[in-house]
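Colleague: Kindly return the folded structure for what I paste below:
(one chain, ligands or ions: 1)
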Amino acid sequence: MMPPPFTHRYARVLIIAGSDSGGGAGIQADLKAVAALGAYGMTAITALTAQNTRGVRAIHGVPPAMLRAQIDAVAEDIGADAVKIGMLHAPEIVHAVADALDAHHLAPVVLDPVMISTSGSRLLQDDAVQALVAELFPRAALVTPNLDEAGFLTGRRLDDEAGMAAAADELLARGAPAVLLKGGHLPGDEVADLLATRAGGRRWLRAPRIASANTHGTGCTLSSAIAARLALGDTLDAAVQSAHAYVRQALAAGAAVRTGAGSGPLNH
Ligand code: PLP
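Modeller: Residues are numbered from 1 along each chain as shown. The predicted model follows:
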């Protein structure tokens, strides 16, 4: 049988994120999503995690100078048409990323404000949260919190769509030009995600819930897929819709797969 046609266009995505040894989240998920959406992925790794489907066993942060060296190396030679930022781990890493984005004029940036893993491990230190908001929200084109992250950032209890809309507005006011607030953790047969922009747009993406235990890495995948589509030239709206469709296909296709004994990875 012939292999599938090679469809990658020359759209370059720099992924600044942590490694998940289990392959479910982090850069492993990011690279898969970027490739599947038709772009070329590069990585600047912020931290190594020793992790499987049951949880995070250990985190080893990369020194900020080494993170910067990775970004410099790819930016000075290959370049990037979009950036995805995931786990940042420590405040010094946040500062290093902000500096590097400016030094290399890297944009557009999709910022996934990764804080706590589904299994309960802290992936961003407490004293890094303020720096993340102050330094990276204004440099991002889109911030993609889930309900827990948006709740933590705004101090709100987010248990309905009105709460989601108010939280999205607050995150816009704190410097993000656009927010995709993911509502998947609200109960119900329908999942509603909210795309809100400072320009005034508010669009709900509603879809029937797909029952699957394999959701580890869903947020990483979504934000990387958006970055890939932005790199390929999509508008923000179109990029979010393509990425949303991709994640839904992966949820449906992998619902019956069993990987490990814990929280299974999104299969893609
Ligand atoms: N590990 C790494 C390296 C991550 O970047 C992330 C999320 O972005 C996670 C774990 C957590 O993924 P989840 O919340 O899907 O368990």
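
Colleague: ok, which stretches of the stretch 151-268 of the chain are helices?
Modeller: Per DSSP state H, counting those that start in this stretch, the stretch 151-268 of the chain carries helices over the ranges 161-173, 218-231, 236-253.

Colleague: Could you point out which of those sits nearest the ligand?
Modeller: When these are compared by C-beta to the nearest ligand atom, helix 218-231 sits nearest the ligand, at 4.4 Å. C-beta coordinates here come from the backbone N, C-alpha and C atoms, glycine included.

Colleague: how far is the closest one from where the chain is centred?
Modeller: Helix 218-231 has its C-alpha centroid displaced from the chain centroid by 7 Å (C-alpha atoms, centre = their mean, to the nearest Å).

Colleague: ok, now stretch 227-237?
Modeller: Taking mean C-alpha positions (C-alpha atoms, centre = their mean), stretch 227-237 and its chain are 14 Å apart.

Colleague: sorry, back to before: let's have the helices of the stretch 151-268 of the chain in a markdown table, adding mean pLDDT, mean neighbour count and distance to the ligand.
Modeller: As requested, the helices of the stretch 151-268 of the chain are arranged in a markdown table below (pLDDT from 0 to 100; neighbours: other C-beta atoms under 10 Å; distance: least, C-beta to the nearest ligand atom, whole Å):
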| stretch | mean pLDDT | mean neighbour count | distance to the ligand |
| --- | --- | --- | --- |
| helix 161-173 | 97 | 18 | 18 |
| helix 218-231 | 98 | 29 | 4 |
| helix 236-253 | 96 | 19 | 12 |
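
Colleague: would a markdown table of the ones you listed with distance to Asp148 be doable?
Modeller: Below are the helices of the stretch 151-268 of the chain laid out as a markdown table (distance: least, C-beta to C-beta, whole Å):
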| stretch | distance to Asp148 |
| --- | --- |
| helix 161-173 | 11 |
| helix 218-231 | 10 |
| helix 236-253 | 18 |
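
Colleague: longest strand anywhere in the chain?
Modeller: Using DSSP state E, we find that the single longest strand of the chain is strand 40-52.

Colleague: and it, what does it pack onto?
Modeller: strand 12-20, helix 26-36, strand 55-61, helix 64-77, helix 91-103 (3 or more C-beta pairs under 8 Å, 6 or more residues apart in numbering; DSSP states H and E).

Colleague: what residues does the third one touch?
Modeller: Counting by C-beta atoms under 8 Å, 6 or more residues apart in numbering, the neighbours of strand 55-61 from elsewhere in the structure are 18, 46-51, 89-90, 93, 117, 119-121, 123, 262.

Colleague: thinking again about what came up before, and the longest strand of the chain, what's buried?
Modeller: For strand 40-52, burial by neighbour count (16 or more other C-beta atoms under 10 Å) applies to Tyr40, Gly41, Met42, Thr43, Ala44, Ile45, Thr46, Ala47, Leu48, Thr49, Gln51, Asn52.
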